[in-house]
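Peer 1: I'd like to go over a predicted model; first the sequence, then the structure.
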Amino acid sequence: MSNLAFGSVFPSSSEPNRRKVPLEVLKKAREMLTIPIVGIGGITPENAEQIIDYVDAVAVMSALTEKPYETARQLAKLFEWK
């Protein structure tokens, strides 16, 4: 199964110089595509709600290394309704 990743969605400490993907791009991709969409870059439980309607998954690195169990639980909760 193929998917398409968009990033960096938010400022990212692991790739600070990467250009940001505007929210409008995610919105348009959701309208046009039927394959799963993944948001990547600077994702935290606090900002993931801004993109949850436009992505099928998120790729998270820094937030998980800081508080792995709490972050995983919070992010999983956001996707329960999908």
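Peer 2: Sure thing, it's come through.

Peer 1: use CA for all of it now, contacts and neighbours both
Peer 2: Will do.

Peer 1: can you list contacts of the helix or strand bottoming out on mean pLDDT in the chain?
Peer 2: Within the chain, confidence by mean pLDDT, DSSP states H and E is lowest for helix 62-66 among all helices and strands, at a mean of 90. When contacts are defined by Cα atoms under 8 Å, 6 or more residues apart in numbering, helix 62-66 is touched by residues 13-14, 42-44, 71-72.

Peer 1: Looking only at residue counts, what's the top helix in this protein?
Peer 2: Criterion DSSP state H: the longest helix present in the chain is helix 68-79.

Peer 1: burial measure for L78, as a count.
Peer 2: As a burial measure, L78 scores 13 neighbours (other Cα atoms under 10 Å).

Peer 1: mind checking the backbone torsions on the residue positioned nearest the centre of the chain?
Peer 2: Against the mean C-alpha coordinate of the chain, by Cα atoms, centre = their mean, the closest residue is G39 at 3.0 Å. Taking degrees, to the nearest 10, you get phi -90, psi 140 for the backbone angles of G39.
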